[in-house]
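Peer 1: my questions concern the predicted model and sequence given below.
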Amino acid sequence: MTNLSDHFTLAEAAKSQLAERKGIDNTPPAAILPRLVRVASQILEPVRSHYRVPFSPSSWYRCPVLNAAVGSKGTSQHLAGRAVDFEVPGVANVDLARWCASNLTFDQLILEFYREGNPASGWVHCSIAKEGVGRGEVLTLTKDGVRPGLPPGLNQ
């Protein structure tokens, strides 16, 4: 098992239930590995350190075939190994997104498919920039579309 950081592995970066079901080889090419290491160190490790709860990303690297199979755009940062989707057990996803927005350096942070009043709904998507400093773009994606910013947290 190849470690990308203290707590996250290459196997987690490539993991996909859909890829397993469809027989898709989702092994990241060697050129992608440095980006996966950056995602692990700049996004996942700080989250793990703050919340002190083990978790595994739900979606990280996606090869083009898998990306198409999940219905994602050809511009998805998952294709380049720059994006990761995750949740932390016991933490409301809106609060997780708020913490990430305030404490991480990122290109894009999206609270995806969160439903007001259901703290466990949705997930957090966070990506690193291609080069240099990221855009720091914060969005919420719902079934009704995308809007800037995040909804208020439980204690806000």
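Peer 2: Sure, I can see it.
Peer 1: from Asn3, how far out is Leu33?
Peer 2: Separation of Leu33 from Asn3 (C-beta to C-beta, to the nearest Å) stands at 11 Å. C-beta here means a position set from N, CA and C on the backbone, and glycine is covered the same way.
Peer 1: need the longest helix for the chain.
Peer 2: helix 93-103 (DSSP state H).
Peer 1: go through it and flag the buried ones.
Peer 2: Within helix 93-103, the residues that count as buried by 16 or more other C-beta atoms under 10 Å are Asn93, Val94, Asp95, Leu96, Ala97, Arg98, Trp99, Cys100, Ala101.
Peer 1: same check, this time on stretch 121-128
Peer 2: For stretch 121-128, by 16+ other C-beta under 10 Å, it's Ser121, Gly122, Trp123, Val124, His125, Cys126, Ser127, Ile128.
Peer 1: residues making contact with that stretch?
Peer 2: Outside stretch 121-128, the residues within contact range by C-beta atoms under 8 Å, 6 or more residues apart in numbering are 35, 38-39, 42-43, 58, 77, 82-87, 93, 96-97, 100, 104, 106-115, 134.
Peer 1: and stretch 105-117, by the same measure?
Peer 2: 42-43, 77, 82-83, 85, 93-94, 97, 100-101, 121-130, 133-143, 146, 150-151.
Peer 1: next step: these restricted to helices.
Peer 2: Asn93, Val94, Ala97, Cys100, Ala101.
Peer 1: which parts of this structure are strands?
Peer 2: For the chain, the strands defined by DSSP state E cover 83-86, 108-112, 123-127, 137-142, 145-148.
Peer 1: let's have the ones you listed in TSV, adding distance to Gly23 and mean pLDDT.
Peer 2: As requested, these are exported to TSV (distance: least, C-beta to C-beta, whole Å; pLDDT from 0 to 100):
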stretch	distance to Gly23	mean pLDDT
strand 83-86	22	98
strand 108-112	27	97
strand 123-127	25	98
strand 137-142	29	94
strand 145-148	33	92
